[in-house]
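In: sharing a sequence plus its predicted fold:
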Amino acid sequence: MADAAIQDLTVSEAKAELTALANEIGSKAEVYAHLVSHHSRLLSGCINPYGILDRTSIRADGATWRELIDALREAWAEYADLHATNTIREMAVAIITITADLGECTDAALRAKFDGADVTRYGDRACEAATEMASNGPFSIVKLSGANDIAA
């Protein structure tokens, strides 16, 4: 008989844990888990922090639901800093664009593209990044000649 301390999660408990993980990541995040019949691993899962249509997919495997969820959390922890950096940079560009178009950038305007929690979490750092990025002007396009040069 299995020890109660190491008993695996039920499917409902695993679903609740996966949903909680997705909510921690952001409103666009999707977390999937499935049984695998054609490999030695039993369970496999993936995290799509920007939704399933984005190319970013973080994968993990486990022999039990608990192992899979722990592996997914560990994989997310390794990726989270890069996710934050990418989100801050994208938000900074949006701040510059919105300010250029509207004269100011409101949190409501940012929420049209970003999760409200991300605006709260990364907004100040995105403003700093936008200031740093915009102060690198004046901007210009450096013309390069080479294999991908357009025909004259």
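Out: The structure has been received and is ready for your questions. Remember, it's a predicted structure, so these values are computed and weren't measured experimentally.
In: from here on, contacts and neighbour counts on C-alpha atoms
Out: OK.
In: for residue 45, what are phi and psi?
Out: phi -150, psi 160 (degrees, to the nearest 10).
In: all strands for the protein, in order.
Out: According to DSSP state E, the chain carries its strands in the segments 30-35, 43-48, 58-62.
In: can you add distance to residue 68 and mean neighbour count and give those back as CSV?
Out: Converted to CSV, the strands of the chain look like this (distance: least, C-alpha to C-alpha, whole Å; neighbours: other C-alpha atoms under 10 Å):
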stretch, distance to residue 68, mean neighbour count
strand 30-35, 8, 18
strand 43-48, 7, 22
strand 58-62, 4, 19
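In: quick one: which of these is nearest residue 98?
Out: Checking the strands of the chain against residue 98 by C-alpha to C-alpha gives strand 43-48 as the closest, at 26.9 Å.
In: can you list the strands that the closest one pairs with?
Out: strand 30-35 (antiparallel), strand 58-62 (antiparallel) (DSSP bridges).
In: reformat these as CSV; add mean pLDDT and distance to residue 81.
Out: What follows is the strands paired with strand 43-48, written out as CSV (pLDDT from 0 to 100; distance: least, C-alpha to C-alpha, whole Å):
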stretch, mean pLDDT, distance to residue 81
strand 30-35, 94, 18
strand 58-62, 94, 13
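In: for residue 49, find the nearest of those strands.
Out: strand 30-35 (6.3 Å).
In: what's the spacing between the closest one and its chain's center?
Out: A distance of 16 Å separates the centroid of the chain from that of strand 30-35, by C-alpha atoms, centre = their mean, to the nearest Å.
In: over to stretch 70-82?
Out: In terms of C-alpha atoms, centre = their mean, the centre of stretch 70-82 is found 10 Å from the chain centre.
In: right, I'll leave it there.
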